[in-house]
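*Asks:* With the input below, show me the fold.
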Amino acid sequence: MIFEVAIGILLIYLVLAVVCSAVTELVSQMFNLRSEGLWATVRQMLHDPEGTGIAKDLYNHSLISEDKTRKPSSIQPRIFSVALISQLGGDQYSNENLLEGLSKEGELSKAIRPLVEAAGTDPKRAHRNIETWFESAIQRATEWYSRQTRFILAFVGLLFAFVCNADTLMLIQGMSHPPAQAQVQTKAAAPARPASLETRLEPKPIPAGMLGWSGPSSANDPAYNANDPRRFPSGLWPWGMKLIGLALTALAVSMIAPFLYNLFRRLGQGLVGTRAAKAQKKAPAPEAVAPKP
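*Replies:* The predicted model follows:
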């Protein structure tokens with residue numbers, strides 16, 4: 001019984017996690033959380049808090065923003081390094097020219113000059129140092145974005161749990177105590193007799209473990225069924241237990257959703273890699289050209 005209840009609860013969590021993940025991604029795209037987080041990180045890296053100097057010029061670079069009306073949501077480290085050196089007026093193949101361009105910058109020079117000087121006369125190493133610097137900053141931006149999405153996901157999960165009445169405590173209790181089949185069979189075998197007025201008005205028990213709300217919200221309503229587990233709580237203590245159950249569902253959904261996202265992303269990357277490998281195997285080998293005599 002415990003295993004069956006756990007499987008049932010987990011299936012409900014999985015469905016809610018998929019739905020809440022889709023809603024969270026939609027909210028993220030509506031508010032441009034990725035692009036705004038990246039933009040804030042670049043401004044901080046380049047010591048341009050207002051975004052009117054080197055950061056703006058960098059985003060206007062053709063390698064960074066193909067669409068001038070929208071900020072990019074991601075930038076490759078190599079592209080960032082090339083575009084930044086170009087905006088600083090440096091030479092992609094000479095660290096000396098880059099150092100000369102940095103002499104005109106203030107706080108930015110203090111951040112980039114050690115990276116270039118550590119590369120000596122090797123411009124490729126200077127590029128790698130700048131790329132590593134950018135990757136570390138992007139890692140912090142990714143952590144910020146993850147915290148924002150977790151907050152949104154927890155709120156969306158709590159909202160969906162309330163709308164669907166996905167109360168973990170109610171679901172566990174309902175799945176653990178299904179209606180007794182013996183009582184049902186006994187009532188079916190009993191001879192039929194006319195029901196009295198009290199019998200017809202008596203609220204009948206409803207099977208637990210179902211989602212959604214049922215019945216009126218007020219306990220003073222004659223249609224209020226106290227035996228219905230999906231009823232609206234009446235009183236401070238029942239509402240407190242209901243909120244605890246809904247919070248447990250939202251917490252579980254917020255923990256499962258990132259796992260599903262990473263799982264689907266890895267599966268997608270694996271499928272893309274597999275198809276690329278198969279396509280490469282099927283591609284005809286280049287014909288060997290005989291050397292001219």
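
*Asks:* rest of the way, CA atoms for contacts and neighbours
*Replies:* OK.

*Asks:* what packs against the host helix or strand of Ser81?
*Replies:* Using DSSP states H and E, Ser81 falls within helix 77-87. Here helix 77-87 touches helix 54-59, helix 123-164, going by 3 or more C-alpha pairs under 8 Å, 6 or more residues apart in numbering; DSSP states H and E.

*Asks:* Spit out the contact partners of Leu16.
*Replies:* Taking C-alpha atoms under 8 Å, 6 or more residues apart in numbering, we find Leu16 in contact with 157, 160, 253.

*Asks:* Ignore what I typed, I meant Ala141.
*Replies:* Per C-alpha under 8 Å, 6+ apart, neighbours of Ala141: 37-38, 41.

*Asks:* Which ones among the residues you listed lie within helices?
*Replies:* When those are checked against helices (DSSP state H), the matches are 37-38, 41.

*Asks:* ok, so of those, who is nearest Pro77?
*Replies:* Leu38 (12.5 Å; C-alpha to C-alpha).

*Asks:* my guess is that closest one contacts Ser74, does it?
*Replies:* Yes: assessed by C-alpha atoms under 8 Å, Leu38 is found in contact with Ser74 at 7.1 Å.

*Asks:* what angle do the longest helix anywhere in the chain and helix 123-164 make?
*Replies:* Longest helix in the chain, counting residues (DSSP H): helix 236-282. Between helix 236-282 and helix 123-164, the angle comes out at 140 degrees (axes from the mean of the first three to the mean of the last three C-alpha atoms, to 10 degrees).

*Asks:* and helix 236-282, how far out from the chain's middle?
*Replies:* 8 Å (C-alpha atoms, centre = their mean, to the nearest Å).

*Asks:* Quick check: which helices or strands does it pack against?
*Replies:* Looks like helix 236-282 contacts helix 2-30, helix 123-164, helix 168-176 (3+ C-alpha pairs under 8 Å, 6+ apart).

*Asks:* just to revisit the earlier point, may I have the helix holding Ser81 as CSV, with CA atoms only?
*Replies:* C-alpha atoms of helix 77-87 as CSV (Å, rounded to 0.1, in the frame of the first residue of the first chain):
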residue,chain,number,x,y,z
PRO,A,77,33.1,33.4,-24.6
ARG,A,78,35.2,33.4,-27.8
ILE,A,79,32.8,35.9,-29.4
PHE,A,80,32.9,38.1,-26.3
SER,A,81,36.7,38.1,-26.3
VAL,A,82,37.0,39.1,-29.9
ALA,A,83,34.3,41.8,-29.7
LEU,A,84,35.8,43.3,-26.5
ILE,A,85,39.3,43.5,-27.9
SER,A,86,37.9,45.0,-31.1
GLN,A,87,36.0,47.7,-29.1
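
*Asks:* Can you list the buried residues in it?
*Replies:* For helix 77-87, a neighbour-count test (16 or more other C-alpha atoms under 10 Å) marks 77, 80-87 as buried.

*Asks:* Over to stretch 216-223?
*Replies:* Quick answer for stretch 216-223 (16+ other C-alpha under 10 Å): Ala219.

*Asks:* Span of it from start to end?
*Replies:* 7 Å (C-alpha to C-alpha, to the nearest Å).

*Asks:* So for that stretch, mean pLDDT?
*Replies:* The average pLDDT within stretch 216-223 is 83.

*Asks:* what's it in contact with?
*Replies:* In contact with stretch 216-223 (C-alpha under 8 Å, 6+ apart) are residues 215, 224, 231-234.

*Asks:* go with 10 Å
*Replies:* Applying C-alpha atoms under 10 Å, 6 or more residues apart in numbering, the external contacts of stretch 216-223 come out as 201, 203, 215, 224-226, 231-235.

*Asks:* again, but for stretch 63-81
*Replies:* Contacts of stretch 63-81 (C-alpha under 10 Å, 6+ apart): 29, 32-39, 42, 58-62, 82-84, 86-87, 92, 126-135, 138.

*Asks:* Quick one: buried ones out of those residues?
*Replies:* Applying 16+ other C-alpha under 10 Å to the contacts of stretch 63-81 flags 32-39, 42, 58-61, 82-84, 86-87, 92, 126-135, 138 as buried.

*Asks:* what stretches of the stretch 151-293 of the chain score poorly on pLDDT?
*Replies:* Within the stretch 151-293 of the chain, the segments meeting pLDDT under 70 span 178-210, 269, 272-293.
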